[in-house]
Structure formats: structure tokens, C-alpha cells
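Q: Okay, predicted coordinates and the sequence, questions at the end:
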Amino acid sequence: MKLAAQENIVPGKNLREKFANLEKYGFEGIELWGKGIVEREKEIIKVSSQSSVKVTTICAGYEGCLLSDKKEERERAVKDIKSLLKVASNIGAVGLIVVPIFGPPRLPDLSPWMGVKELEKKMLIEILTRIGKTAENVGSICLLEPLNRYETHFLNRLKEGVEICNEVDSPGVKIMADFFHMNIEERKIDKAIKEANSFIYHIHLADSTRLLPGYGHTDFKSGFNALKEIGYDKYMALECGIPGKPEEDLPKCVKYLR
Ligand code: LER
Ligand code: MN
């Protein structure tokens, strides 16, 4: 089990202090925000090369939307995602986390010829085929993240992400699994994980309350057993609120998870 945390929840005045604190608390990785990361690339490479803590992933940070009804917005997202994939590769991260669309659909409903979700799926497969080629070329991975129904209408369950990966058929397009969203959308978290199996390249951890694991009623044991069974050996990053003092709660959480 390789544990990581998103940079915003880690105490420290700068990146070097955050890396040092994570190391002290028992973590192996850090997830960084995509916004403004191009300017931080040199600093990230320097700090991570001097630490046992590594950058796991870049979370979002692109403008536009892959499933916008406006061509310019789709193209903007593709352009930004391609450049963030290059950064992800340069800083040694597994890949870039991508949510195809937040909120309701923006493309038109063309039924009875084609319903909006079908159109979105076809559009996304086209776009991801191009993004997948770039990801392969730069040596990175586009990590599709299913979110719960209150955040997106489109990609809610792991199996929907796997379906898209199968259609795109690129080693540069995989999925990630977020326990907070799975707790809302999956009937059985362990079953969903086992079925998605080797398509899972990253994990987000938060309890049902979206606080640190242990501050809610999510059953992490069955999900973790499933991850063990499929031989998951990549990172799991905390994406959650911390109710107490981070310098006390974070190391406590590492113990709880292990
Ligand atoms: C949003 O709820 C979420 O889980 C993020 O990881 C989206 O990038
Ligand atoms: Mn997440």
C-alpha cells in the first residue's frame, strides 16, 4: 500500500516542507494541483529528487471541457490536457486525473436518433483516442475519474470508465477509483474494484463524510481486500477534509489505513 495526500491538506509553508512532513508522517506520495504546475515544474523535480516522497498524480488544472457543446472549449481542454500529461511525465507522476464533464449535459439531445449520453460517449471516445496517443508518446496516463451523480451526470461508476477504456484501447487511458464516489454509486465497492481490476491506476481516499478515513461509515476493509486481491500496487491519495490538527490526524490516519 503506497499512501499519498493532496498537497492542500499537508502542513508546510512550501513544497519542501510539505514533502518533509509527509515523509515524517509515513506517506510515500503527494498529489499536486494542475493549475499553475507548468511554472512549478523545475521546483517539483528538485524537491522530489531529494525526498523519498514522490509525486503520484496531477489533479485536473485544465480549462475548457471535453464534452462542451462549444468546439473551442473542447479544443482548449484537449490542448491543456496534452500539455499537463507531458508535465506529469516530466515530474515522474503516474498521470493526470481527468473528469470528462461536471454537472448536466451540454451537448444536444438528438433523440430519437441519438440520446445525449450516447452522443457524449461517442464524442469522448473520439477525443480520448487522440489524447491516448499523446499520453503514450510522452509516457503518461490520462486517468478518468468517475464522480457521484450530484457532481456529474456522465461517468458515475467504475464499469462505465472501463467501457470507455475498452473502446479507446490505449495504454494511455485508464481509470481511477475514489472511495467517496464509490460509496455513493457502487452497489458493492469490492465487487466494482475486482471487476475494474487492472484498469485502476490510482485511488482517492475519503470517508462517507468526505473527511479522513475513520471519520465516517465507509467500509474500507472490503475495498482494500479487493485491491489486495487484484494486486493493486499503485498510490492511494487522501482527498478529504481534516477535522482536527493535520500534524496529528495525518499520521494517525496512516496507522488506521495500514
Ligand atoms: C471531485 O469530487 C473529485 O473527487 C476530484 O478528484 C475531481 O478531480
Ligand atoms: Mn476524487
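A: Perfect, thanks for sending it. Numbering: from 1, shown residues only. Ligands and ions are numbered 1, 2, ... in the order given.
Q: Now do the contacts for residue 207.
A: By Cβ atoms under 8 Å, 6 or more residues apart in numbering, the contact set of residue 207 is 179-180, 213-218, 240. Heads up, the C-betas are built off the backbone N, CA and C, glycines and all.
Q: ok, so of those, who is nearest residue 127?
A: Closest approach between the contacts of residue 207 and residue 127, by Cβ to Cβ: residue 180, at 26.1 Å.
Q: buried set for the strand or helix carrying the closest one?
A: Here residue 180 sits within helix 179-185, counting by DSSP states H and E. In terms of neighbour count (16 or more other Cβ atoms under 10 Å), helix 179-185 has its buried residues at 179-183, 185.
Q: Of the contacts of residue 207, which belong to helices?
A: 179-180 (DSSP state H).
Q: Quick check on the contacts of residue 207: which are buried?
A: Buried among these (16+ other Cβ under 10 Å): 179-180, 213, 215-216, 218, 240.
Q: want to throw those into a markdown table with pLDDT and distance to ligand 2?
A: What follows is the buried ones among the contacts of residue 207, written out as a markdown table (pLDDT from 0 to 100; distance: Cβ to the ion, whole Å):
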| residue | pLDDT | distance to ligand 2 |
| --- | --- | --- |
| 179 | 98 | 9 |
| 180 | 98 | 7 |
| 213 | 98 | 13 |
| 215 | 97 | 17 |
| 216 | 97 | 15 |
| 218 | 97 | 14 |
| 240 | 98 | 9 |
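Q: if I look at the residue sitting furthest away from the middle of the chain, how far off is residue 124?
A: Relative to the mean C-alpha coordinate of the chain, counting by Cα atoms, centre = their mean, the farthest residue is residue 112 (34.5 Å). To residue 124, residue 112 is 22 Å away according to Cβ to Cβ, to the nearest Å.
Q: Sticking with the most centrally placed residue in the chain, tell me its helix or strand.
A: Centroid-nearest residue in the chain, with Cα atoms, centre = their mean: residue 97, separated by 4.0 Å. When elements are assigned from DSSP H and E, residue 97 belongs to strand 95-98.
Q: next one: residue 84
A: Going by DSSP H and E, residue 84 is part of helix 71-90.
Q: any residues touching that helix, and which ones?
A: So helix 71-90 is contacted by 34, 37-38, 41, 45, 57-58, 61-68, 94-96, 98, 127, 130-131, 134-135, 138-142, 172 (Cβ under 8 Å, 6+ apart).
Q: May I see the buried residues of that helix?
A: 73-74, 76-78, 80-90.
Q: what's the neighbour count on residue 102?
A: Counted with other Cβ atoms under 10 Å, the neighbours of residue 102 add up to 12.
Q: all numbers from here: first residue = 13
A: OK, 13 is where the count begins now, so the last one is residue 114.
Q: Once you drop chain neighbours, what's closest to it?
A: Excluding the flanking residues, the one nearest residue 114 by Cβ to Cβ, 6 or more residues apart in numbering is residue 164, at 5.4 Å.
Q: okay, now that neighbour: neighbour count?
A: Neighbour tally, residue 164, other Cβ under 10 Å: 20.
Q: Could you do residue 247 as well?
A: Residue 247: 25 neighbours (other Cβ under 10 Å).
Q: Quick check: it touching residue 105?
A: No: assessed by Cβ atoms under 8 Å, residue 247 is found out of contact with residue 105, at 9.4 Å.
Q: Which neighbours do those two have in common?
A: 68-69.
Q: which residues sit in contact with the residue nearest to residue 166 when sequence neighbours are not counted?
A: Distances taken as Cβ to Cβ, 6+ apart put residue 113 closest to residue 166, at 5.1 Å, once the chain neighbours are dropped. Residues near residue 113 by Cβ under 8 Å, 6+ apart: 77-80, 132, 164-167.
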